[in-house]
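[1] below are the sequence and a predicted model for it; my questions follow.
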Amino acid sequence: MGATVIVVFLVVVYIIKKTIIIVPEQSVYVKERLGVLNGVLKSGFYFMIPFIDQIRYRQNLKEQTIDIDPQVCITKDNVSVEVDGVLYLKVVDGEKASYGIDNFMLATTQLAQTTLRSEIGKLIFDNLLSERDEINGRVVSNIDRATDPWGIKVTRYEIRNITPPKQILLEMENQMKSERERRAEITISQGEKDARVNHSVGERQESINISEGEKIRLVNEADGRAQEITLISNATAKGLQLISEAISKKGGKEAVSLQITQEYLDALGSILKTSKTTVVPETLANIGGVFEGLSKITTKIPQVGE
């Protein structure tokens, strides 16, 4: 009795499991009834007829990636390169993806490999690296057009590695080394040129500054001498005017005569002290003539106001 109940319970559980089906988001299930397509179930809750209906295919609608294994491709100029990549695709029609082809993942992978070989064969090796984006675009376009009957949408293809032969790699490295050396020499020569130009410009500016400074110094000195001469002239004129005014006053002429006589005697005394040869007037009586001559000179000094 107990075993019968357990068997009945398991049968009921199995029937319920076959009756109720839940389709998750971003998925579609292909249902067949007695081996014939009966519908494509999108995300949601569904009832099935046990032993009559069955889910034949389950398709994932999310974007999927396929690694394209490395393969040898030959360029237009007969250079062998090894290329691998990544393909991105998604199922847009569950019915076509289920019945259009037996294994769309494998078929798309093989199609990507053949398409890539075909596109690389149209290019020479020198253009292979520079036209990587164009190659990716053409591969996507060709594969997407070919897989459209399978309900597949190819969204992107990315070349992951392009590996040329070792000899080509060595030549490329040498070429890059030569190019770097050429650029380095250009940079160094340009730097030396700039340095020489800057140095000459600095020397030129230094010479200009020195000459400008010398010019200003000479002008300032000339202005100083001109002012000095002006001041001395004014002072001399003022002094002469004062002397003339003093002479015109009472006793001025006698004071001038006395001053001149005193200076004459002082000068004569200095000469007699320092000179080894003594020179005196021919007769001491003539010394009076000297003073008389001096007095005549003082009397000829013009008077102020004359």
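    Received, thanks. Numbering: from 1, shown residues only.
[2] every contact and neighbour count from this point should use C-alpha atoms.
    Noted.
[3] check the most centrally placed residue in the chain and give its pLDDT.
    Taking Cα atoms, centre = their mean, the centroid of the chain lies closest to Thr187, which sits 15.3 Å from it. Thr187 carries a pLDDT value of 93.
[4] return the distance of the helix or strand where it lies from the chain's centre.
    Thr187 is part of helix 166-248, with elements assigned from DSSP states H and E. Offset of helix 166-248 from its chain centre (Cα atoms, centre = their mean, to the nearest Å): 32 Å.
[5] list the buried ones in the helix or strand that it is followed by?
    Per DSSP H and E, the first helix or strand lying C-terminal to helix 166-248 is helix 252-274. Within helix 252-274, the residues scored as buried using 16 or more other Cα atoms under 10 Å are 252-253, 256-258, 260-261.
[6] and the strands in the stretch 51-200 of the chain?
    Ranges of strands in the stretch 51-200 of the chain, per DSSP state E, counting those that start in this stretch, are 53-60, 64-74, 80-91, 152-163.
[7] got these as JSON lines, with distance to Thr108, mean neighbour count and mean pLDDT columns?
    Shown next, in JSON lines, are these (distance: least, Cα to Cα, whole Å; neighbours: other Cα atoms under 10 Å; pLDDT from 0 to 100):
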{"stretch": "strand 53-60", "distance to Thr108": "16", "mean neighbour count": "18", "mean pLDDT": "92"}
{"stretch": "strand 64-74", "distance to Thr108": "9", "mean neighbour count": "16", "mean pLDDT": "92"}
{"stretch": "strand 80-91", "distance to Thr108": "9", "mean neighbour count": "19", "mean pLDDT": "93"}
{"stretch": "strand 152-163", "distance to Thr108": "9", "mean neighbour count": "18", "mean pLDDT": "92"}
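[8] Lys122 is nearest to which of the ones you listed?
    strand 64-74 (9.2 Å; Cα to Cα).
[9] what's the distance between Val86 and Ile66?
    Distance, Val86 to Ile66, by Cα to Cα, to the nearest Å: 6 Å.
[10] and Tyr14, by the same measure?
    For Tyr14, the distance to Ile66 - Cα to Cα - is 36 Å.
[11] picking up where we left off before, the strands of the stretch 51-200 of the chain into CSV, with extra columns for distance to Thr115?
    Listed next are the strands of the stretch 51-200 of the chain as CSV, based on distance: least, Cα to Cα, whole Å:
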stretch, distance to Thr115
strand 53-60, 25
strand 64-74, 11
strand 80-91, 12
strand 152-163, 11
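[12] which one of those lies nearest to Asn38?
    strand 53-60 (8.4 Å).
[13] the closest one packs against which elements?
    strand 27-33, strand 80-91, helix 94-99 (3 or more Cα pairs under 8 Å, 6 or more residues apart in numbering; DSSP states H and E).
[14] what angle separates that strand from strand 27-33?
    160 degrees (axes from the mean of the first three to the mean of the last three Cα atoms, to 10 degrees).
[15] residues in contact with strand 53-60?
    Applying Cα atoms under 8 Å, 6 or more residues apart in numbering, the external contacts of strand 53-60 come out as 26-34, 48, 90-91, 94, 97-98.
[16] recalculate using a threshold of 10 Å.
    18-19, 21, 23-41, 47-48, 90-95, 97-99 (Cα atoms under 10 Å, 6 or more residues apart in numbering).
[17] try stretch 9-26
    With Cα under 10 Å, 6+ apart as the criterion, stretch 9-26 contacts 3-8, 29, 41-55, 58-63, 91.
[18] can you work out which residues contact both of Val86 and Ile66?
    With Cα under 10 Å, 6+ apart as the test, Val86 and Ile66 both reach 109, 112, 157.
[19] can you redo these as a markdown table with distance to Val139?
    Formatted as a markdown table, the shared contacts of Val86 and Ile66 follow (distance: Cα to Cα, whole Å):
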| residue | distance to Val139 |
| --- | --- |
| Thr109 | 12 |
| Ala112 | 7 |
| Tyr157 | 7 |
